[in-house]
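Peer 1: Fold the following for me, if possible:
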Amino acid sequence: MHDVEIMTGAGPARAEVARPAGEPRFLAVLTHGAGGTPDTPDVLAARDAALALGAVTALVTQPYRVRGARAPGSAVRQDAAWAEIVSALNPAGLPLVQGGRSNGARVACRTARQVNATGVIALAFPLHPPGRRGQPGMSRDGELREAGTSVLVVNGDRDPFGVPEPDDATRVVVLPGETHALSKKPAAIGEAVTAWLGTLPGVGQAAGT
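Peer 2: Below you'll find the predicted structure:
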């Protein structure tokens, strides 16, 4: 593994990059929640699953966290920086799977079309603020549905932010006993990611799954 710094219009980002044992098959770029870091059990489980299937992986600390802020600020600015990060990490033009937890999952969904992602891993996708289910303007379901590609959602059944519904493009895995932290069952997360990656055109076939 090695660390790289990526300059964006929002300031520097950092990425911890790991390469598979053989020839890289695809790129998996994953990031953190709003005030967190990318080394949480759920993100690491997704990273390890992708790495085992032949991905170059990158755990990204976004610019606002590098400079010490806990709130991501403008979604437009965050998404623009994300597109710069992904572009810098993929000079070879490998098939791209991107994702993250909570706010990072939202970024990955919002930018999927722009960066031509083959798939999105949405861990602990925050469907609505706690206690705001059904209130006008509170649902983030539109961000999920507008990804324009295959999406894997992994949420806990005790997540106060809610659990999205599946559709033709969205596979939803609900883990019993898990909260928004998704910290108790990393093996189950890894299994879900492995199975879903195997369904992606190009990525699954190239990974030999």
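Peer 1: so Ile121 sits in a strand?
Peer 2: Yes. The assignment for Ile121 by DSSP: H, G, I helix; E, B strand; the rest coil puts it in a strand.
Peer 1: Hmm, it is touching Ala46, no?
Peer 2: Yes. Counting by CB atoms under 8 Å, Ile121 touches Ala46, with 5.3 Å between them. Bear in mind the C-beta positions are built from the backbone N, C-alpha and C, glycine included.
Peer 1: so what's in contact with the two at the same time?
Peer 2: Each of Ala28, Leu30, Gly99, Val193 lies in contact with both Ile121 and Ala46 under the rule CB atoms under 8 Å, 6 or more residues apart in numbering.
Peer 1: Take the residues you listed and write them to CSV, including neighbour count, pLDDT and secondary structure.
Peer 2: CSV is the format used below for the shared contacts of Ile121 and Ala46 (neighbours: other CB atoms under 10 Å; pLDDT from 0 to 100; DSSP: H, G, I helix; E, B strand; the rest coil):
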residue, neighbour count, pLDDT, secondary structure
Ala28, 28, 98, strand
Leu30, 28, 99, strand
Gly99, 30, 98, strand
Val193, 27, 98, helix
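Peer 1: Could I get those in a markdown table, plus columns for distance to Val86?
Peer 2: Below are the shared contacts of Ile121 and Ala46 laid out as a markdown table (distance: CB to CB, whole Å):
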| residue | distance to Val86 |
| --- | --- |
| Ala28 | 11 |
| Leu30 | 11 |
| Gly99 | 11 |
| Val193 | 19 |
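Peer 1: Specify which member of the residues you listed is nearest to Asn90.
Peer 2: Taking CB to CB as the measure, Ala28 is the one of these closest to Asn90, at 10.7 Å.
Peer 1: Tell me what the spatially most central residue of the chain is bridged to.
Peer 2: Most central in the chain under CA atoms, centre = their mean is Gly99, positioned 1.3 Å from the mean C-alpha point. In this entry, Gly99 is beta-bridged to Leu30, Ile121, by DSSP bridges.
Peer 1: Please, where are all the helices along this protein?
Peer 2: Per DSSP state H, the chain carries helices over the ranges 41-52, 63-66, 75-89, 103-115, 141-145, 186-197, 203-206.
Peer 1: Switch the ones you listed over to CSV; also include distance to Leu175.
Peer 2: Listed next are those as CSV, based on distance: least, CB to CB, whole Å:
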stretch, distance to Leu175
helix 41-52, 10
helix 63-66, 26
helix 75-89, 26
helix 103-115, 15
helix 141-145, 18
helix 186-197, 6
helix 203-206, 22
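Peer 1: lowest-confidence stretch among the ones you listed?
Peer 2: Among these, helix 203-206 carries the lowest mean pLDDT, at a mean of 67.
Peer 1: circling back: with respect to Arg14, which of the helices of the chain lies nearest?
Peer 2: Between Arg14 and the helices of the chain, the shortest separation by CB to CB is 5.8 Å, and it involves helix 63-66.
Peer 1: How about the closest one, which residues are buried there?
Peer 2: Pro63, Tyr64, Arg65, Val66 (16 or more other CB atoms under 10 Å).
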